[in-house]
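Colleague: Kindly return the folded structure for what I paste below:
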Amino acid sequence: MPADNEIPVRRFYQALVTGDTELVDAALAADWETVPPLRTGSGPEGWKATIAHLRGAFGELETEIEDVVVSGDRVAVRAVTRAKHTGPLLGVEGTGREVEFRAADFHQVVDGRIVRTWHLEDYFGIAQQIGLEFTRGA
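Modeller: Modelled structure (predicted):
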């Protein structure tokens, strides 16, 4: 049985996988903020826009929560996402390639809603998997 503060966090990831934005409203506080800020905007509407963007870029998207650690109002999550690159991402049109990337998130939960999220994701790994090439500067 998940701890009370774990419930909105699981909804956060479930919304990403299913596209069910009602779960976002159940998981996030109206003034939710993320560090670093989302390019799609702040608050629940920003997360909904990010979900739409990611689900457009990745087909067959699955996120597996590998670890959850709850300590007071903080919930740490280690997750891996697997998908097929089917739409534009980082300036690259869909390649059809299978991708896998890891993320670590630290959520602060107050009164049953996530109020703040600190997010770390392997963007470099994603970029390599979809075919972006990096060269060393001189």
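
Colleague: Which positions within the lowest-mean-pLDDT helix or strand in the chain qualify as buried?
Modeller: Lowest by mean pLDDT, DSSP states H and E among the helices and strands of the chain is helix 123-129, with a mean of 92. Going by neighbour count (16 or more other Cβ atoms under 10 Å), the buried part of helix 123-129 is I126, A127, Q129. The way it works is simple: take the backbone N, C-alpha and C, and place the C-beta from them, glycine included.

Colleague: and which of these is nearest to G43?
Modeller: Ranked by distance to G43 (Cβ to Cβ), those are led by I126 at 24.7 Å.

Colleague: Which residue comes closest to that closest one once chain neighbours are left out?
Modeller: Nearest residue to I126 in three dimensions, chain neighbours excluded: F101, at 4.9 Å (Cβ to Cβ, 6 or more residues apart in numbering).

Colleague: how far away is that neighbour from L23?
Modeller: Using Cβ to Cβ, to the nearest Å, we find F101 at a distance of 22 Å from L23.

Colleague: And for E45?
Modeller: 14 Å.

Colleague: neighbour-wise, which of these two wins?
Modeller: Neighbour count, other Cβ atoms under 10 Å: between E45 and L23, L23 has more, with 20 against 17.

Colleague: OK, contacts around that one?
Modeller: R11, F12, Q14, A15 (Cβ atoms under 8 Å, 6 or more residues apart in numbering).

Colleague: No more questions from me, cheers.
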